[in-house]
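Undergrad: What follows is a protein structure lacking sequence information:
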């Protein structure tokens, strides 16, 4: 079972204050790039894996999606999502992505934002998603980039007076990484980029594109801290077709 | 035009002493992984882009390839390759990958080992290769990994007494990188991994798999310096289909 960190009060309190929690999709700088990867949502049956506060589910409905099954492990997140939703075409469901089961050929889009890096058995998960998609259905997801996940101490290091670097090590060693982010002892699973891509292909997906997200010049001007993303990617965006 | 570094005497002398130059394919630790990506060579028409001393061309013929067009920019390399070859089904050709032209639908396999990172316009190159492959033909290539290429100072750094790290910066900034390896002023072109993959897909390829090469336990035991590859990948292997 994946760690249910979002139901720990300290983590949840911190998470609730992040720009993406307060402002929703537009608070996430990668959102314009994610949107470009999405297929047309008109009439689409969608499953959202790790739905959080339900921002995407509600936005998808505003774009004409027929129905959204929005899944999360956290009672905190689901409680907030349900309270913000008055729409019978969005169903919320508590489930663990580590042991997820979905009905066959039932969705046109599987979407997930920054959730899959909490899952240990990615191969199992993508096989589950593949069989749940209608032929030609899309999978669009974001995860923490393996360059960001890998290091034994994932924090910037001053190399010289004028050079700050990301101290990469352990990239080939996949598996559990425990970090302190918003709370102590957050458990994530590092996978190399080749593993992520090859497990998708082995599950039957065709890769449509990936993006090692980095900011536009406008975004850099507006949010100077995004400069970090020029030196090492924090997020990986993936689009694939069943 | 790509830099013709292999025709500089200092570089060529150093390159000629590398294990992969002395021992051929078996001197390259990634070779078993590359072999697993190759299609059956029986009867195959092959183009080898950056053929070097011609080791792959001769091996491919020993595996039943019908013919090999082996291309390189370096007269040094081609001279050595020709001298080592007595086989009319291998043709050697001097050409620059930056402005390569190949006949349409003429090959079953395009192969390239550690050459494409010398090329600036990768998009142009892969479009050229795509039109040159017969439908279903394969492209298998290795390049320096972008994690290896990106840094402003691509060399190990001692972070603490017991921690040595690869100092990543500038990952999102694509383009020219000048390093000293075997000789001063070697010009290579850094591309993010997403660019490499997306330009293949945009050219019409279907991705079959990638490998961020790292050694097996047996290889690690035999060549302890390969430990470096566990901390940051140096090579990327790619297989795609036209």
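TA: Cool, the structure landed. Remember, predicted model here, so these are calculated numbers, not experimental data.

Undergrad: Which positions within stretch A:168-183 qualify as buried?
TA: A:168, A:169, A:170, A:171, A:172, A:174, A:177, A:179, A:182, A:183 (16 or more other CB atoms under 10 Å in any protein chain shown). Placement of C-beta: from N, CA and C, glycine included.

Undergrad: Any residue of that stretch touching chain B?
TA: Yes - judged by CB under 8 Å from any CB of the partner chain, stretch A:168-183 comes into contact with chain B through A:168, A:169, A:170, A:171, A:172, A:173.

Undergrad: The last one against residue B:230, yeah?
TA: Yes - with contact taken as CB atoms under 8 Å, residue A:173 and residue B:230 are classed as touching, separated by 6.4 Å.

Undergrad: ok so, going back, include pLDDT and secondary structure when you put the buried residues of stretch A:168-183 into TSV, please.
TA: Putting the buried residues of stretch A:168-183 into TSV (pLDDT from 0 to 100; DSSP: H, G, I helix; E, B strand; the rest coil) gives the following:
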residue	pLDDT	secondary structure
A:168	98	strand
A:169	98	coil
A:170	97	coil
A:171	98	coil
A:172	98	coil
A:174	98	coil
A:177	96	strand
A:179	90	strand
A:182	86	coil
A:183	87	strand
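
Undergrad: Residues of chain A that sit close to chain B?
TA: Residues of chain A lying near chain B (CB under 8 Å from any CB): A:147, A:151-153, A:157, A:159, A:163-173, A:192-194, A:197-198, A:201, A:206-212, A:214, A:229-233.

Undergrad: Show me which of the residues you listed are buried.
TA: A:147, A:151-152, A:157, A:159, A:165-172, A:192-194, A:197-198, A:201, A:207-212, A:214, A:229, A:231-233.

Undergrad: Show only the entries of the residues you listed found in helices.
TA: Secondary-structure check on these using DSSP state H: residues within helices are A:147, A:193, A:194, A:197, A:198, A:201, A:229, A:231.

Undergrad: Which members of those are the farthest-apart pair?
TA: For these, the farthest-apart pair by CB to CB is A:201 and A:231; their separation is 29.4 Å.

Undergrad: Strands along chain A, start to end?
TA: A:45-49, A:67-72, A:90-94, A:107-113, A:133-144, A:157-160, A:163-168, A:175-181, A:183-190, A:206-212, A:235-241 (DSSP state E).

Undergrad: Just give the strands next to the shortest one in its sheet, each with its orientation.
TA: The one in question is strand A:157-160. Its sheet considered, strand A:157-160 pairs with strand A:163-168 (antiparallel) by DSSP bridges.

Undergrad: Ok, the fourth one next?
TA: Listed by DSSP bridges, the sheet partners of strand A:107-113 and their directions read strand A:45-49 (parallel), strand A:133-144 (parallel).

Undergrad: now do the third one
TA: Taking DSSP bridges as the criterion, strand A:90-94 sits next to strand A:67-72 (parallel) in its sheet.

Undergrad: Contacts for the strand it pairs with next, please.
TA: Contacts to strand A:67-72, defined as CB atoms under 8 Å, 6 or more residues apart in numbering or on different chains, come from residues A:6, A:45-52, A:54, A:56-57, A:60-61, A:78, A:81, A:89-95, A:97, A:100, A:107.

Undergrad: Of the residues you listed, keep whichever come out buried.
TA: Here, 16+ other CB under 10 Å leaves A:6, A:45-52, A:54, A:56-57, A:60-61, A:78, A:81, A:90, A:92, A:97, A:100, A:107 buried among the contacts of strand A:67-72.

Undergrad: mind checking how far the residue nearest to residue A:198 when sequence neighbours are not counted is from residue A:146?
TA: Leaving aside its sequence neighbours, residue A:198 sits nearest to residue B:209 (CB to CB, 6 or more residues apart in numbering or on different chains; 5.0 Å). The gap separating residue B:209 from residue A:146 is 16 Å, by CB to CB, to the nearest Å.

Undergrad: Same question for residue A:173.
TA: Residue A:173 is 11 Å from residue A:146, by CB to CB.

Undergrad: between these two, what contacts are shared?
TA: Common neighbours of residue A:173 and residue A:146 (CB under 8 Å, 6+ apart) are residue A:190.

Undergrad: who's in contact with residue A:164?
TA: Contacts of residue A:164 (CB under 8 Å, 6+ apart): A:156, A:157, A:158, A:231, B:169.

Undergrad: Determine which two of the residues you listed are furthest apart.
TA: Greatest spatial distance in the contacts of residue A:164: A:158 and A:231, 12.8 Å, computed using CB to CB.

Undergrad: From residue A:40, how far off is residue A:142?
TA: Remark: distance between residue A:142 and residue A:40 (CB to CB) = 20 Å.

Undergrad: picking up where we left off before, can I get the ones in helices among the buried ones among the residues of chain A next to chain B in JSON lines including pLDDT?
TA: Listed next are these as JSON lines, based on pLDDT from 0 to 100:
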{"residue": "A:147", "pLDDT": "98"}
{"residue": "A:193", "pLDDT": "98"}
{"residue": "A:194", "pLDDT": "98"}
{"residue": "A:197", "pLDDT": "98"}
{"residue": "A:198", "pLDDT": "98"}
{"residue": "A:201", "pLDDT": "98"}
{"residue": "A:229", "pLDDT": "97"}
{"residue": "A:231", "pLDDT": "98"}
